[in-house]
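Chemist: Sequence below, structure please.
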Amino acid sequence: MHLSSSSLSGTEIRNPKGDKLGKLEELMINTKTGEVDYAVVSFGGFLGIGDKLFAVPLQAMKVDTGDKKLVLNETEERLKNAPGFDKDHWPDHADSKWSQEVHSYYSL
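Modeler: Here you go, the predicted structure:
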């Protein structure tokens, strides 16, 4: 199956219990491999103010085409402790240590 990045932008992310975890903001593409490295997910805040952004490897999520959502098998509490950043201070995506930390957090 193929999905456009614009069709995924803004998609709700829920856990298997149905709890809303956040929404997909961006897909980050590795320019060397052409693969999606991770999804940028917003979490928390109100009307976009105070949102925490965090990176989730796309492989950690499943697409639910029936309900038009992404499913991430995490609790809200665990997600609060995930490697994150704010919208004005993005991490250095070329830093392999940072990338390893993100993938390790999600056991990938």
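
Chemist: where's the longest helix along the chain relative to the chain centroid, distance-wise?
Modeler: In the chain, taking DSSP state H as the definition, the longest helix is helix 96-105. Relative to its parent chain, helix 96-105 has a centroid offset of 13 Å by CA atoms, centre = their mean, to the nearest Å.

Chemist: Counting neighbours, which bits of the helix or strand bottoming out on mean pLDDT in the chain end up buried?
Modeler: Lowest on mean pLDDT, DSSP states H and E among the helices and strands of the chain sits helix 5-8, with a mean of 79. Neighbour-count burial for helix 5-8 flags Leu8 (criterion: 16 or more other CB atoms under 10 Å). Where C-beta positions appear, they are placed from N, C-alpha and C, glycine not excepted.

Chemist: Pull the residues that contact it.
Modeler: Applying CB atoms under 8 Å, 6 or more residues apart in numbering, the external contacts of helix 5-8 come out as 24, 27, 39, 70.

Chemist: What is the burial count for the first one?
Modeler: As a burial measure, the neighbour count of Leu24 was computed by other CB atoms under 10 Å and equals 21.

Chemist: how close does it get to Leu72?
Modeler: Per CB to CB, to the nearest Å, Leu24 is found 10 Å from Leu72.

Chemist: can you list residues touching both of those two?
Modeler: Joint contacts of Leu24 and Leu72 (CB under 8 Å, 6+ apart) are Ile13.

Chemist: what are the pairing partners of the lengthiest strand in the chain, and which direction each?
Modeler: Counting by DSSP state E, the longest strand found in the chain is strand 20-29. Each strand paired with strand 20-29, and its direction, by DSSP bridges: strand 12-14 (antiparallel), strand 36-43 (antiparallel).

Chemist: weakest of these in terms of mean pLDDT?
Modeler: Note on the strands paired with strand 20-29: lowest mean pLDDT is at strand 36-43, with a mean of 87.

Chemist: Send me that strand as PDB with only the CA atoms.
Modeler: This file holds the C-alpha atoms of strand 36-43, laid out as PDB (Å, rounded to 0.1, in the frame of the first residue of the first chain):
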ATOM      1  CA  VAL A  36      11.400   7.700   6.100                       C
ATOM      2  CA  ASP A  37      13.500   7.800   9.200                       C
ATOM      3  CA  TYR A  38      10.800   8.800  11.600                       C
ATOM      4  CA  ALA A  39       7.500  10.600  12.100                       C
ATOM      5  CA  VAL A  40       7.400  13.800  14.000                       C
ATOM      6  CA  VAL A  41       4.400  13.600  16.400                       C
ATOM      7  CA  SER A  42       2.900  16.500  18.400                       C
ATOM      8  CA  PHE A  43       1.800  15.700  21.900                       C
END
